[in-house]
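Any chance you could fold what I've pasted below:
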Amino acid sequence: QVQLVESGGGLVQAGGSLRLSCAASGRTFSTYTMGWFRRAPGKEREFVATITLRGNTYYADSVKGRFTISRLSAKNTVYLQMNSLKPEDTAVYYCAADARPIAVAVESEYDFWGQGTQVTVSS
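Residues are numbered from 1 along each chain as shown. Next up is the predicted model:
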């Protein structure tokens, strides 16, 4: 069992930056693929980024070049650095863990989810 707790959300102006953190419990954190998803108002939850245990990363086209996912196994934490934020990035951001060691962008493949953290970008 893995428990995930997100933090770092908030209100920021367009063009600004935020760093989200996801703290994971469990001794097997380092073996999990970790992902970030988001749900904007009135929309389905969508993939944002993922990172494997080997550090391989994959991003949605909408955030490529602006967002960076990273992980620090010593702290059981995964991060999402978000730069050049746009109003359309406004959403609840969720951290997720997948027990398989491959990069996946499919929501249903993830085994554990956090409660989410709100990110609001004003124009």
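
From now on I want contacts and neighbour counts done on CA atoms only, so please keep to that.
Will do.

So what pairs up with residue 6 in the strands?
As for beta bridges, residue 6 partners with residue 22 under DSSP bridges.

Poorly predicted segments of the protein, please.
Scanning the chain for pLDDT under 70 picks out 27.

rerun that using 90 as the cut-off
1-2, 26-31, 53, 73-75, 99-104 (pLDDT under 90).

Nearest residue to residue 123 in space, please, no chain neighbours.
In this structure, residue 123 finds its nearest non-sequential neighbour in residue 14, 5.3 Å apart by CA to CA, 6 or more residues apart in numbering.

burial measure for that neighbour, as a count.
17 (other CA atoms under 10 Å).

thought it was touching residue 84?
Yes. Taking CA atoms under 8 Å as the definition, residue 14 is a contact partner of residue 84 at 7.0 Å.

any idea how far residue 20 is from residue 82?
8 Å (CA to CA, to the nearest Å).

Nearest residue to the middle of this protein?
Residue closest to the average C-alpha location in the chain (CA atoms, centre = their mean): residue 36, at 2.3 Å.

surely it meets residue 48?
Yes. Counting by CA under 8 Å, residue 48 is a contact partner of residue 36 at 5.4 Å.

shared neighbours of these two, anything?
Common contact partners of residue 36 and residue 48 (CA atoms under 8 Å, 6 or more residues apart in numbering): none.

Strands of the protein, start to end?
Shown for the chain, the strands assigned by DSSP state E span residues 4-7, 10-13, 18-24, 33-39, 45-51, 57-59, 67-72, 77-82, 91-98, 112-113, 117-122.

and those strands as a markdown table, adding distance to residue 105?
Formatted as a markdown table, the strands of the chain follow (distance: least, CA to CA, whole Å):
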| stretch | distance to residue 105 |
| --- | --- |
| strand 4-7 | 18 |
| strand 10-13 | 25 |
| strand 18-24 | 18 |
| strand 33-39 | 8 |
| strand 45-51 | 6 |
| strand 57-59 | 8 |
| strand 67-72 | 14 |
| strand 77-82 | 15 |
| strand 91-98 | 11 |
| strand 112-113 | 14 |
| strand 117-122 | 19 |
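
Nearest to residue 104, out of the ones you listed?
Smallest distance to residue 104 across these (CA to CA): 6.9 Å, for strand 45-51.
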